[in-house]
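Chemist: Model the structure of this input:
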Amino acid sequence: EGFQATITQNQEQARELMDKLAAVAQPGAVFAEPVSVGDYTVITASEIRMGAGMGFGGGFGEGSTREDQEGEDNQGSGAGVGGGAGGMSAGRPVAAIVVGPEGVHVEPIVDVTTLGIALFTAVGAMFMMLNRMRKAITDR
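Modeler: Okay, here's the model as predicted:
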């Protein structure tokens, strides 16, 4: 009975977590409330990412034997349960939609940090590959 209750509780907690993570990916999270200043209205658009995982386990075992530290045989019975869930969600602004007297236009929001990291990663990968190529040529 306790085993089944624990499994049910774990499943309910995992379902609650998944519902909370899915709530982040709603349209209201992607498009912000419009902000009006004078003749202009600005709406920001965001990128939302979500990931989740869960797992459950269990086990039974009657009549299994194991040897304890003094070498005696002990009759054992087992039970077990396990469960877990986890997830993440992240968002970042990607564009501003500007509505004004001249019409509607979209201004991209450039993430300089992400571009910098990508640049350094690409340069580092090229440097490592050049070193490997040089080493391969000199080892011939």
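Chemist: just checking, Ile97 touches Val106?
Modeler: Yes. Counting by Cβ atoms under 8 Å, Ile97 does reach Val106; the two are 5.5 Å apart. In short, each C-beta sits where N, CA and C put it, glycine included.
Chemist: so where do the helices sit in the protein?
Modeler: Secondary structure of the chain (DSSP state H): helices at 2-23, 27-30, 112-138.
Chemist: Specify the stretch among the ones you listed that is closest to Gly91.
Modeler: Closest to Gly91 of the helices of the chain, according to Cβ to Cβ: helix 27-30, at 6.5 Å.
Chemist: The helices of the chain: lowest mean pLDDT?
Modeler: Here the helices of the chain differ in mean pLDDT, and the lowest is helix 27-30 at a mean of 71.
Chemist: how far away is Val123 from Thr8?
Modeler: 53 Å (Cβ to Cβ, to the nearest Å).
Chemist: Oh, that last question was meant for Ala122, not what I typed.
Modeler: Ala122 is 49 Å from Thr8, by Cβ to Cβ.
Chemist: To Thr44, which of the helices of the chain lies closest?
Modeler: helix 27-30 (9.4 Å).
Chemist: So which other helices or strands are in contact with the closest one?
Modeler: strand 40-67 (3 or more Cβ pairs under 8 Å, 6 or more residues apart in numbering; DSSP states H and E).
Chemist: Pull up the per-residue confidence for the closest residue to Thr41 other than its chain neighbours.
Modeler: Among residues not flanking Thr41 along the chain, Val99 sits closest, at 4.4 Å (Cβ to Cβ, 6 or more residues apart in numbering). On pLDDT, Val99 comes in at 95.
Chemist: do you know how far Val99 is from Pro34?
Modeler: In terms of Cβ to Cβ, Val99 sits 8 Å off from Pro34.
Chemist: same question, Ala90
Modeler: 24 Å.
Chemist: what do you get for Thr121?
Modeler: 37 Å.
Chemist: who's in contact with the residue nearest to Thr41?
Modeler: 40-43 (Cβ atoms under 8 Å, 6 or more residues apart in numbering).
Chemist: Test of understanding: give the bridge partners of it.
Modeler: Under DSSP bridges, the beta-bridge partners of Val99 are Thr41, Val104.
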